[in-house]
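>>> Here is my input, please return the structure:
(one chain, ligands or ions: 1)
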Amino acid sequence: MKKISSLFAVLAVATGMTAQTHTFDVNTSKVGGAIPSTMYGIFFEDINYAADGGLYGELVINRSFEFPNHFAGWDISGKVTLKDDGPFNKNPHYVRLAPSGHTDKYTMIENRGFFGMGVKGGAEYRFSVWARVPDGGTSKIWIDLVDNATMEDDQKLGNVGVEVSGKEWKKYTAIIKPTKTFDKAHLRVWGDSKVTTDVEHVSLFPVDTYKGHENGMRKDLAESLEQLKPGIFRFPGGCIVEGTDLATRYQWKNSVGPVENRPLNENRWHYTFTHRYFPDYYQSYGLGFFEFFQLSEEIGAEPLPVLSVGLSCQFQNDITRGKKEDEVHVPIDQLQPYIDDVIDLIEFANGDPAKNQWAKLRADMGHPEPFNLKYVGIGNEQWDYKDNPVFTKRLKIFLDAVRKAHPEIKYIGTTGPDSEGEKFDMLQPKMEELKVDLYDEHFYRNEEWFLKSGNRYDNYKRGKSAPKVFAGEYACHGRGKKWNHFNAALMEAAFMTDLERNADVVEMATYAPLFAHVEGWQWRPDAIWYDNLNKFNSCSYYVQQLYSYNKGTNMLTLTMNGKPVAGNADQDGLFASAVFDKNTNEVIVKVVNTGDKAQPVTLNLKGMKGDHAAQLITFHSDDLNAENTIENPTKIVPKTTSISVTAPSQSITVPARTFYIYKIKK
Ligand code: AHR
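As a prediction, the model looks like this:
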């Protein structure tokens with residue numbers, strides 16, 4: 001007998017199994033509260049070239065010549081002059097292409113795009129330009145897509161001519177079909193050799209954008225969003241909402257109406273980190289609030305715009321470091337235009353075009369039906385000081401006014417940049433006092449934090465007076481490994497069992513940030529990466545997708561020895577939660593083993609009997625530091641197998657460092 005047990009011990013060590021069995025009691029006969037449809041969503045911010053140069057399909061950088069260096073992104077030759085009395089009052093600059101005066105000298109402007117332009121052989125690209133012939137008559141301009149580093153005789157990948165006529169500004173379009181795929185193309189616009197031509201808003205889009213919109217989104221990236229089946233879509237940021245200073249905050253009213261007349265805004269991320277510095281990072285606002293609402297609708301998510309509360313970024317304008325409050329933030333008695341921005345936005349989204357100018361603009365832009373906006377965030381990542389509630393005193397003024405105008409909307413406050421500590425502790429009770437509907441929590445934290453936070457929401461206040469939680473920005477930033485890798489995603493999967501178990505408290509959660517260009521990132525990890533032609537979804541993306549696809553409709557209790565399975569001292573690194581899906585009649589159990597040993601578990605499915613068809617989804621990597629890449633985009637992806645589960649009691653073994661999802665037909 002002794003021999004057998006020591007043999008078992010040797011075997012257990014050899015197979016990496018511990019002797020302790022864990023019994024998960026899942027009460028499948030008592031269906032709990034509903035999982036909010038908004039539960040797993042996405043957070044978009046124009047960081048890492050997420051909008052211009054990313055999701056927004058425009059391939060031309062500085063298309064309106066409005067960057068402070070008006071020729072940024074452009075090489076010019078011949079007689080090119082910058083003018084400033086163009087047809088669009090908010091973007092007054094344009095370029096005059098005059099004949100050089102010499103038969104062998106050419107006037108031409110060449111745009112380098114965002115890290116080059118990615119074009120596909122045989123695909124169609126829509127060139128457009130506003131142009132005129134200032135002296136009257138007709139001119140012909142030529143548009144080339146080029147590979148200017150090629151060894152071949154001709155740099156052209158495709159070209160097209162456009163005839164411009166008359167002294168009036170008109171929009172001209174032409175289709176270019178490159179012969180080859182190339183990720184670093186440039187766009188050349190040649191002036192007529194005999195006639196002067198003025199050009200403005202020089203643009204190039206793939207014809208094949210997401211849902212085919214002319215001012216559309218890069219299809220593969222928008223599809224990654226759609227494939228997350230997000231419940232909520234938060235935009236436009238992040239710190240972008242605040243700007244580095246008030247002048248550079250995101251102003252939604254500038255982001256709607258004709259794209260040609262949306263003024264440029266600085267992107268605060270171009271200089272935020274001097275070790276990842278991008279001096280030509282601006283916001284064209286081509287991806288503006290109309291497009292955000294439209295995209296929300298098309299990917300099936302509730303829109304969640306966040307607007308300024310009249311505070312500039314507090315990290316960079318901290319009044320404790322010598323600046324006076326009214327120098328950097330909006331004085332209390334001057335908040336009205338900011339409050340109007342919220343009220344007018346609700347009208348823009350939901351109002352009657354016959355009664356409201358902003359609603360009329362929405363209709364004029366092609367969407368007479370309301371966007372059905374239900375949530376608005378006020379302020380991004382703000383906080384109070386002990387002796388000066390800079391944030392909450394403003395928020396109160398906002399809430400009083402916007403609630404009066406639109407009581408039907410749910411308003412979202414914030415507990416600032418920290419998951420706990422002084423700012424958080426000060427703000428959480430204030431959110432309740434102010435009766436916000438939800439508050440936005442942010443946490444970019446390391447592995448230990450995630451491992452310790454499996455019970456975070458178990459003891460949050462419940463009941464009518466308690467606001468719901470929006471975990472609006474979170475990601476595991478590995479200690480010394482602040483980039484995407486499997487283990488970070490595993491930590492997030494573990495933590496998300498807590499969100500799921502507490503779906504009566506947490507109404508929505510969004511991983512952050514969403515997008516990053518491999519050549520233009522400022523912040524990582526991020527959910528989706530891309531270059532000019534390719535993309536890959538990170539391991540963190542797949543964790544989000546697994547939760548979203550398997551969120552179920554109702555909570556189920558899952559306990560071990562009467563307690564939630566949340567990585568506690570006696571739980572061997574296990575995290576778990578369970579839901580029921582009324583639509584598919586499935587019990588869905590999520591188990592994350594964060595430890596380095598396989599763990600035996602008994603699934604005790606109370607209320608079920610006999611054999612049940614099931615699916616087991618496994619997300620695992622032997623190498624914790626491994627990650628998907630542009631070269632190998634599907635290196636680590638979830639795998640599904642069909643199995644059978646015996647109820648009420650099924651023994652399973654959860655391998656080390658693995659996320660398992662059991663989907664059991666009831
Ligand atoms: O997601 C990046 C930044 O992190 C956001 O802009 C800000 O809200 C947070 O500090």
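>>> quick one, what contacts P92?
Shown in contact with P92 (CB atoms under 8 Å, 6 or more residues apart in numbering): D84, D85, G86. Yep, even glycine has a C-beta here, placed from its N, CA and C like the rest.
>>> Helices along the chain, start to end?
Using DSSP state H, the helices of the chain run over 2-14, 219-226, 289-299, 325-328, 336-350, 357-364, 390-405, 422-433, 447-452, 486-501, 539-549.
>>> among those helices, which is nearest P134?
helix 357-364 (30.1 Å; CB to CB).
>>> could you give the angle of that closest one to helix 336-350?
40 degrees (axes from the mean of the first three to the mean of the last three CA atoms, to 10 degrees).
>>> Output helix 357-364 as CSV, nothing but the C-alphas.
Taking C-alpha atoms only, helix 357-364 is exported to CSV below (Å, rounded to 0.1, in the frame of the first residue of the first chain):
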residue,chain,number,x,y,z
GLN,A,357,-29.9,71.7,-35.7
TRP,A,358,-27.5,69.0,-34.5
ALA,A,359,-30.1,66.3,-35.3
LYS,A,360,-30.6,67.9,-38.7
LEU,A,361,-26.9,67.6,-39.3
ARG,A,362,-27.0,63.9,-38.5
ALA,A,363,-29.8,63.5,-41.0
ASP,A,364,-27.9,65.6,-43.6
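>>> Look at D85 and say how many residues are nearby.
9 (other CB atoms under 10 Å).
>>> Report the spatially nearest residue to it, omitting neighbours in sequence.
Using CB to CB, 6 or more residues apart in numbering and skipping residues adjacent in sequence, the residue nearest D85 is P92, 6.4 Å away.
>>> Is R362 in contact with D352, as I believe?
No. Between R362 and D352 there is no contact under CB atoms under 8 Å: 10.3 Å.
>>> tell me the phi and psi of the residue nearest to Y460 when sequence neighbours are not counted?
Nearest residue to Y460, sequence neighbours excluded (CB to CB, 6+ apart): V505, at 4.7 Å. Per-residue torsions, V505: phi -110, psi -40 (degrees, to the nearest 10).
>>> quick one on the thing from earlier: when R362 and D352 are compared, which one has more neighbours?
Between R362 and D352, R362 has the larger neighbour count (other CB under 10 Å), namely 25 against 12.
>>> and the closest residue to that one other than its chain neighbours, what is it in contact with?
Distances taken as CB to CB, 6+ apart put F348 closest to R362, at 5.4 Å, once the chain neighbours are dropped. Counting by CB under 8 Å, 6+ apart, F348 touches W252, V256, F289, W358, A359, L361, R362.
>>> Enumerate the residues of this structure near the ligand.
45, 47, 237-239, 380-381, 417, 442, 473, 512-513, 523 (CB under 6 Å from any ligand atom).
>>> can you pick the most crowded of those residues?
For these, the largest neighbour count, defined by other CB under 10 Å, is 29 neighbours, found at N380.
>>> so what pLDDT did it get?
pLDDT recorded at N380 is 97.
>>> looking at it, it is touching E242, isn't it?
Yes. Using CB under 8 Å, N380 makes contact with E242 at a distance of 5.6 Å.
>>> tell me the pLDDT at the closest residue to the ligand within the stretch 101-250 of the chain?
Relative to the ligand, the nearest point of the stretch 101-250 of the chain is G238 (2.8 Å; CB to the nearest ligand atom). Note on G238: pLDDT of 97.
>>> Over to it: give its phi and psi.
phi 70, psi 180.
>>> wait, isn't it in contact with F515?
No. Applying CB under 8 Å as the test, G238 and F515 come out as separate, 11.7 Å apart.
>>> show me where pLDDT drops low in this protein?
Residue ranges of the chain with pLDDT under 70: 1-19.
>>> And it, split by domain according to the record?
2-33+554-665, 40-57+211-549, 74-208 (automatic domain parsing).
>>> Give me whichever of those domains is most buried.
Mean neighbours per residue, mean count of other CB atoms under 10 Å, is largest over these for domain 40-57+211-549, with a mean of 20.
>>> Okay, now that domain: how far is its last residue from its first?
9 Å (CA to CA, to the nearest Å).
>>> That'll do, ta.
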